[in-house]
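1. following is a predicted model, sequence given first.
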Amino acid sequence: MKIVILGAGKMGSFFADVLSFDHEVALYDVDPNRLRFAFNTLRMTRPEEIGEFAPDLVINAATVKYTIEAFESVLPYLPDRTILSDIASVKTGLPEFYARAGHPFVSTHPMFGPTFANLSDLSTQHVIIITEGDHLGKVFFKDIYQRLRLNIFEYSFREHDETIAYSLSIPFTSTLVFASIMKHQEAPGTTFKKHMEIARGLLSEDDYLLTEILFNPNTPQQVKQIQEQMSALLDIIEHKDTDRMKAYLTRVRKNIE
């Protein structure tokens, strides 16, 4: 296939590297400096070059804030048959965009960051393929992800954003709150050290990635639940209410059985 990847950031470069040995791949970025170390790919900085290339597939690796804008900037230069694809971590607005774009599409979400994941072994990492979309496009990405040994899940657009708010926003928020009250002091606790490892790993990720996850429209409700539980736990602690604490711990244990 002839494939154009929009955005020469970490994920864009990752996909270029994965696909360039089996396909004719072009990496497009308006900043030529970001293309300096592109390997085994064509380099493009103007949308007219994309039109001349006439891709079969466009993979949009721009950050969520600019995903639709990036698509719209190249849309006039694409053949009608070109499949549009995104890897956005939040899908808000994309179903509506695809509906009016008039192109076949496929949407996926690789749930790992190249800065933190072990790219030589992705068998413990996950990816989501959106059920709506072009059948052949979904088959293409499923084949790629299976070869990368990723664990594949399939959700609708709505289910994806709800699941991401639950599975990522809750641990991200909890970890950020933990890290926000840390001070430069050694602490011997084993649990404390485990939390610190998680916090350091999370904060080593790209700021845009963290922001995209937390700005999911479904996130505020999850954060409100954390606030409610923190208030309830604080009240139990302040009143030294042993009975309520036992009941609270029993309920929490059932949640994670």
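-> Arrived safely, thanks for sending.
2. okay, now the unreliable bits of the stretch 51-200 of the chain?
-> Along the stretch 51-200 of the chain, segments meeting pLDDT under 70 span 113-119.
3. would you map the helices across it?
-> Assigned by DSSP state H, counting those that start in this stretch, the stretch 51-200 of the chain shows helices spanning 67-74, 94-101, 135-147, 157-164, 170-180, 190-203.
4. surely residue 38 and residue 28 touch.
-> No - contact criterion CB atoms under 8 Å: residue 38 and residue 28 do not qualify, at 10.3 Å. C-beta here means a position set from N, CA and C on the backbone, and glycine is covered the same way.
5. what's the burial count for residue 40?
-> Using other CB atoms under 10 Å, residue 40 has 11 other residues around it.
6. look at it and report its pLDDT.
-> Predicted confidence (pLDDT) at residue 40: the value is 91.
7. reformat the helices of the stretch 51-200 of the chain as CSV; add mean neighbour count and distance to residue 245.
-> Compiled in CSV, those are given as follows (neighbours: other CB atoms under 10 Å; distance: least, CB to CB, whole Å):
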stretch, mean neighbour count, distance to residue 245
helix 67-74, 18, 46
helix 94-101, 16, 45
helix 135-147, 15, 45
helix 157-164, 18, 31
helix 170-180, 15, 20
helix 190-203, 13, 18
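8. tabulate those helices (JSON lines), appending distance to residue 1.
-> Formatted as JSON lines, the helices of the stretch 51-200 of the chain follow (distance: least, CB to CB, whole Å):
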{"stretch": "helix 67-74", "distance to residue 1": "17"}
{"stretch": "helix 94-101", "distance to residue 1": "19"}
{"stretch": "helix 135-147", "distance to residue 1": "8"}
{"stretch": "helix 157-164", "distance to residue 1": "24"}
{"stretch": "helix 170-180", "distance to residue 1": "35"}
{"stretch": "helix 190-203", "distance to residue 1": "35"}
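9. chain neighbours aside, what residue packs nearest to the residue positioned nearest the centre of the chain?
-> Ranked by distance to the mean C-alpha position of the chain (CA atoms, centre = their mean), the top residue is residue 89 at 3.3 Å. Counting by CB to CB, 6 or more residues apart in numbering, residue 212 is the residue found nearest to residue 89 once chain neighbours are left out, at 4.9 Å.
10. ditto for residue 176
-> Counting by CB to CB, 6+ apart, the residue nearest residue 176 is residue 202, at 7.5 Å.
11. could you give the angle of the helix ranked longest in the chain to helix 157-164?
-> Looking only at the chain and at elements set by DSSP state H, the helix with the highest residue count is helix 219-238. Comparing the axes of helix 219-238 and helix 157-164 via axes from the mean of the first three to the mean of the last three CA atoms, to 10 degrees yields an angle of 30 degrees.
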